[in-house]
Each structure stands twice: as structure tokens, then as C-alpha cells.
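*Asks:* Would you be able to build a 3D model of this:
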Amino acid sequence: MALYRHDSDFAITVNRQDLMHSRRHESELELARLGCAHLVGRKESRVLVGGLGMGYTLRQALDMVDTDAKVVVGELLSAVVEWNRDFLGELNGQPLKDKRVEVKTCDVVELISHSKNEYDAILLDIDNGPSAVTDSGNDRLYGRKGILACQRALRKGGTLAVWSSESCPVFEKVLLRCNFHVRGFRVSAHKGSKSRTCFIWVASESRSALPPAGKVDTAQRQAMGARKVEPARQ
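*Replies:* Numbers count the residues shown, from 1 in each chain. The predicted model follows:
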């Protein structure tokens, strides 16, 4: 893994392939907007951000929660944390310096597994989502066992928001079988552009905690064949 800079742009690569780029961060912002929508104005909320990346999801979450909130960041790679402190913080207002933030350099799967009724929102941006490109062990998080662990870690009315590079009907079925209400959203990687899209699921045991549904993706609904899912907006 390496960090590259060109003028004001940054890129993190794995085996010389782009994993993330500072020009493509709109979907990371949307992850927090969708996953924390129910927390606006709520006191003493607790949020877990799984995967620090370039700090955009953390930045957006901090902008949405109250001044007495607590945001825990679980990041596996110490280099990513160091890069955010030394270089990437300039992209988004130095979120790691916010007193509401606690960074844990650890496996977020283990962090979630040891939590119970802890968080009002869990925002996951681990690898490329359920398809797991760089870490084949990510099925520990996106399989039934991992989703049930997330469910236990959430407080009543809490939400689980998951970022992915692509849609995955199989993963949606896992969420549904864990008795979550689910909504899926197609979002742009670049603000104002539809040339490249990503996918975000928001799940909760409380339907009222979910963000408003967008345009229904009929093909996705047919693929799911499920009553509780309210699929993607374009």
C-alpha cells in the first residue's frame, strides 16, 4: 500500500492499483449522510466508522452529530491513520483532531464483536464492500455472523450503513434474514456525475430510522424478491 500526492490530490494504492482518490469522495460523504440522518439534533449519540480511508466519512459524520457525540474510528492499518494525521487532514479540516473522535487501530470486526448496545450508527467502508477485493477475510463482517454482531452492537433504533463498489443482492438478503429493514441507494463517486456510481445500504430494525427512499430500482426489487427491502435510487 502506498500514498501518492500530485499537487493538491492524493491517491492510496494497493499493488499499484487505486484504492481511493481524493477526487472521488462523494460516496464517502453520502455514507455518513445516509447512515447518520436520524442523529441530527440527537444528544449523546455514538457512531462507529469502520475504515478511515481519507477521512471524508468521518468528516461528514462529525458535521452531522451534536457537540456531545462520540465517534469511534476503527482502522486496521496504522499507516492510514498516520497518513491522515500527517497529510490527508488538510483535505477535510483535520477531523482526527476533533475532541469527539477516538481512533482505534484494530480489526473493526473484532471491535464490533465485543460491543453490545453501543452505537446509534455503524458506518462501514471496508475494502470494496461485500465483494471484498483486498481482504478475503471480510466475509466475517458481511456474512450472517458479522451482520448479527453489528445488530448486537447497535442501540435501539440504530442504523447500519455499508458502502460498496457495486450492488449485491446476496448481501441484501443477508440483511433481510437478520430482520433488518433495508434501503439501498446508488450514489455518485463524483459530485454531480453519474458516470461512476457506488452503492450504499442502510439497515435498521426500526423502519423510521431509515433515510427517505429515493427512486425505486425495479430491476433490483425483482432480483431481491423481498417485501421489506426498498431498493436503490438512481
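
*Asks:* Regarding L176, which helix or strand does it belong to?
*Replies:* Per DSSP states H and E, L176 falls inside helix 169-177.

*Asks:* wait, what's in contact with R5?
*Replies:* Applying CB atoms under 8 Å, 6 or more residues apart in numbering to R5 gives the contacts 11, 87. All C-beta atoms are positioned from the backbone trio N, CA, C, and that covers glycine.

*Asks:* what bridges to it?
*Replies:* F10 (DSSP bridges).

*Asks:* pLDDT at it, what is it?
*Replies:* At R5, the pLDDT value in this model is 94.

*Asks:* rewinding a little: skip ahead from the helix holding L176 and say which helix or strand is next.
*Replies:* strand 181-188.

*Asks:* Just name whatever secondary elements that following strand is in contact with.
*Replies:* Secondary-structure packing of strand 181-188 (3 or more CB pairs under 8 Å, 6 or more residues apart in numbering; DSSP states H and E): helix 26-35, helix 169-177, strand 197-204, strand 229-230.

*Asks:* Please state the mean pLDDT value computed over it.
*Replies:* Regarding strand 181-188, the rounded mean pLDDT is 93.

*Asks:* Pairing partners for that strand, with directions?
*Replies:* Here, using DSSP bridges, strand 181-188 pairs with strand 197-204 (antiparallel), strand 229-230 (parallel).

*Asks:* got the angle for the first one vs helix 26-35?
*Replies:* Between the direction of strand 197-204 and that of helix 26-35, the angle (axes from the mean of the first three to the mean of the last three CA atoms, to 10 degrees) works out to 20 degrees.

*Asks:* buried sites along the helix holding L176?
*Replies:* For helix 169-177, a neighbour-count test (16 or more other CB atoms under 10 Å) marks 169, 171-176 as buried.
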